[in-house]
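Q: Model the following, please.
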Amino acid sequence: MTADLMPMLTTGELASRSGAPASTLRFYERQGLISSHRTAGNQRRYDDNALRRVAFVRASQRVGMTLAQISEVLAFLPEGVAPTRAFWQRASQCWGRAVDERIARLEREREQFTACAGCGCLSFDTCTLVT
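A: The predicted model follows:
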């Protein structure tokens with residue numbers, strides 16, 4: 001189906017379907033993460049590819065990727081093209097180590113927090129959690 005024949009979503013519809021606020025969608029567009037088409041009245045319209053790209057961005061953020069990292073990976077896709085299953089898998093492989101390191105760091109911090117909660121000192125001089 002060509003872009004002219006694809007059903008187009010308003011900003012509100014994309015926000016509703018993606019769970020991202022309209023302001024976030026406009027920010028993503030300014031950052032080049034998604035793109036829109038404009039009506040004669042200059043209103044934004046998005047195709048289904050934008051919905052899939054928003055899903056990719058939000059899922060990537062949930063595992064700790066920054067928008068800069070996400071943008072670098074999305075740069076491998078032509079503008080307006082949705083990430084495929086293979087693309088998601090490549091990104092997962094690319095970011096797997098970073099996600100594992102983040103999990104390990106959070107587990108260490110949880111252990112430190114538990115140890116501090118046990119002593120209750122929260123001393124800025126001796127406690128590794130607060131320094």
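Q: Where does pLDDT dip in the protein?
A: When residues are selected by pLDDT under 70, those of the chain lie in 1-6, 117-131.
Q: Now do stretch 46-56: distance to the chain's middle.
A: Relative to its chain's centre, stretch 46-56 lies at 12 Å (C-alpha atoms, centre = their mean, to the nearest Å).
Q: buried ones in it?
A: Across stretch 46-56, burial judged by 16 or more other C-beta atoms under 10 Å covers Tyr46, Asp47, Asn49, Ala50, Leu51, Arg52, Arg53, Val54, Ala55, Phe56. C-beta coordinates here come from the backbone N, C-alpha and C atoms, glycine included.
Q: got the contact list for it?
A: 3, 6-11, 13-14, 17-18, 20, 25, 28, 33-37, 70, 74, 80-83, 87-88, 91 (C-beta atoms under 8 Å, 6 or more residues apart in numbering).
Q: Buried ones among those residues?
A: The neighbour count (16+ other C-beta under 10 Å) marks 8-9, 11, 14, 18, 20, 25, 28, 33-36, 70, 74, 82-83, 87, 91 as buried among the contacts of stretch 46-56.
Q: ok, back up a step: closest to Ala98 out of the buried residues of stretch 46-56?
A: When the buried residues of stretch 46-56 are ranked by distance to Ala98 (C-beta to C-beta), Phe56 comes first, at 16.1 Å.
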